[in-house]
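**Q** Provided below for reference: sequence and predicted model.
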Amino acid sequence: MSRFWSALVRDLSPYVPGEQPRIAGLIKLNTNESPLGPSPRALEAIRAEAADSLRLYPDPLATALRETLAAYHGVRPDQVFVGNGSDEVLAHAFAALLKQDLPLLFPDITYSFYPVYCRLFGIAHETVPLDADMRIRIADYDRPAGAIILANPNAPTGVPLSRGEIAALLERHPDQPVVVDEAYVDFGGETAIPLIGSHPNLLVVQTMSKSRALAGLRVGYAIGDAGLIEALDRVKDSFNSYPLGRPAQAGAIASVEDEAYFQASRTAVMASRGRLDSGLKGLGFEVLPSAANFVFARHPRHSGADLAAGLRERAVLVRRFSGPRIADYLRITVGLDEQVDRLLAALGDILQGGTR
Ligand SMILES: *Cc1c(COP(=O)(O)O)cnc(C)c1O
């Protein structure tokens with residue numbers, strides 16, 4: 001706090017990202033990073049950009065990357081927007097599309113960045129409770145709304161909606177912008193991208209941070225009607241014309257072009273998720289059905305705080321949230337089999353009252 005702060009800054013309540021500690025031997029299952037590295041072809045492309053050309057600004061339109069993504073997703077380049085991580089893309093969507101006269105709707109349990117953006121941009125919002133099974137119910141959004149944002153699969157629950165359910169939501173709200181944040185869709189969800197042609201109010205946001213193992217490169221994107229993309233461009237060019245550097249643009253293109261590596265790594269993560277899911281259930285955990293690279297689980301006889309603290313003592317880091325209904329859940333990123341086994345062993349030890 002300093003007397004030089006603006007009123008805006010005084011009123012913010014910033015998002016708190018998962019920790020990035022430097023502890024040797026730590027099993028880090030708290031930020032949904034990929035346990036596998038990025039495509040070797042992406043790394044090669046990034047290295048090739050470490051050249052004299054870095055003295056020049058990158059393409060402000062990221063034309064080649066947008067063309068690559070458009071071809072990959074079967075849309076036109078003017079239906080693609082790219083940004084410095086999908087958090088930035090989402091921020092632009094909040095400013096460009098989600099601030100309307102009526103309140104923005106989103107689930108009570110979802111990505112905790114959404115209320116942060118509402119605060120930053122002065123957007124009135126209402127939260128809609130998940131049902132008793134921690135699912136989003138589309139019918140619950142039948143109320144006055146200026147716009148809607150959902151994460152699908154939802155975070156931190158991992159529970160997905162089908163494309164049919166997203167289509168039903170769009171049919172019920174043809175006059176409101178609807179943003180679907182698909183950060184985890186590649187781990188078993190159904191993308192809403194095929195719906196953009198028939199729904200000019202739909203913006204789908206994806207990221208290269210999770211399924212493409214490029215969290216450190218910061219590349220996210222949105223796909224939607226050209227009119228929505230133009231709105232994002234107007235905000236971007238009022239903020240930062242060059243959100244993606246040359247290495248990021250080149251690395252992202254090479255990652256998309258390496259389809260075999262992408263398929264192999266997301267399949268491996270989904271297989272490890274099965275192992276994590278059954279291991280946790282074997283220890284007596286209730287595990288929500290996940291279509292993401294993490295699971296959300298609680299134990300009927302142990303508090304989330306105690307479990308997370310016990311894991312930390314055993315050098316295993318997971319994420320926990322303190323809100324109502326979710327304080328006893330742990331959000332556990334899917335690791336490699338060896339990391340999953342270390343986590344399960346540590347939990348087994350904690351449940352047996354072991355101390356260290
Ligand atoms: C990780 C995540 C993002 C943002 O990821 P970026 O690294 O900024 O692309 C967006 N939405 C959800 C739900 C996420 O979990």
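**A** That came in fine, so what should we check first? Numbering: from 1, shown residues only.

**Q** where's D349, which helix or strand?
**A** Taking DSSP states H and E as the definition, D349 sits inside helix 337-351.

**Q** for that helix, which positions count as buried?
**A** Within helix 337-351, the residues scored as buried using 16 or more other CB atoms under 10 Å are Q339, V340, R342, L343, L344, A346, L347, D349, I350, L351. (Glycine included, C-beta is placed from N, CA and C.)

**Q** distance of the last one relative to L344?
**A** Distance of L351 to L344, computed by CB to CB, to the nearest Å: 10 Å.

**Q** list the contacts for D131?
**A** Contact partners of D131, counting by CB atoms under 8 Å, 6 or more residues apart in numbering, are R137, D140.

**Q** contact residues of the stretch 201-350 of the chain facing the ligand?
**A** T207, S209, A215, G220 (CB under 6 Å from any ligand atom).

**Q** quick check: bridge partners of the last one?
**A** The partner list for G220 in beta bridges (DSSP bridges) reads G83, T207.

**Q** tell me the mean pLDDT for the helix holding D349?
**A** Taken as a whole, helix 337-351 has an average pLDDT of 95.

**Q** what's it packed up against?
**A** Using 3 or more CB pairs under 8 Å, 6 or more residues apart in numbering; DSSP states H and E as the contact test, the elements touching helix 337-351 are strand 27-29, helix 259-282, helix 304-313, strand 316-318.

**Q** any buried residues in the third one, and which?
**A** Of the residues in helix 304-313, those scored as buried under the neighbour-count criterion (16+ other CB under 10 Å) are G304, L307, A308, G310, L311, R312.

**Q** on that earlier part again, list the residues that contact both of L351 and L344?
**A** Joint contacts of L351 and L344 (CB under 8 Å, 6+ apart) are L283.

**Q** how many neighbours does whatever residue of the stretch 251-356 of the chain ends up closest to the ligand have?
**A** With CB to the nearest ligand atom as the measure, A292 is the residue of the stretch 251-356 of the chain nearest to the ligand, at 8.2 Å. Per other CB atoms under 10 Å, the neighbour tally for A292 reads 33.

**Q** you'd agree F262 is up against K210?
**A** No - using CB atoms under 8 Å, F262 is not in contact with K210; the gap is 11.6 Å.

**Q** more neighbours: those two, which one.
**A** Neighbour tally, F262 and K210, criterion other CB under 10 Å: the higher count belongs to K210, 25 against 20.
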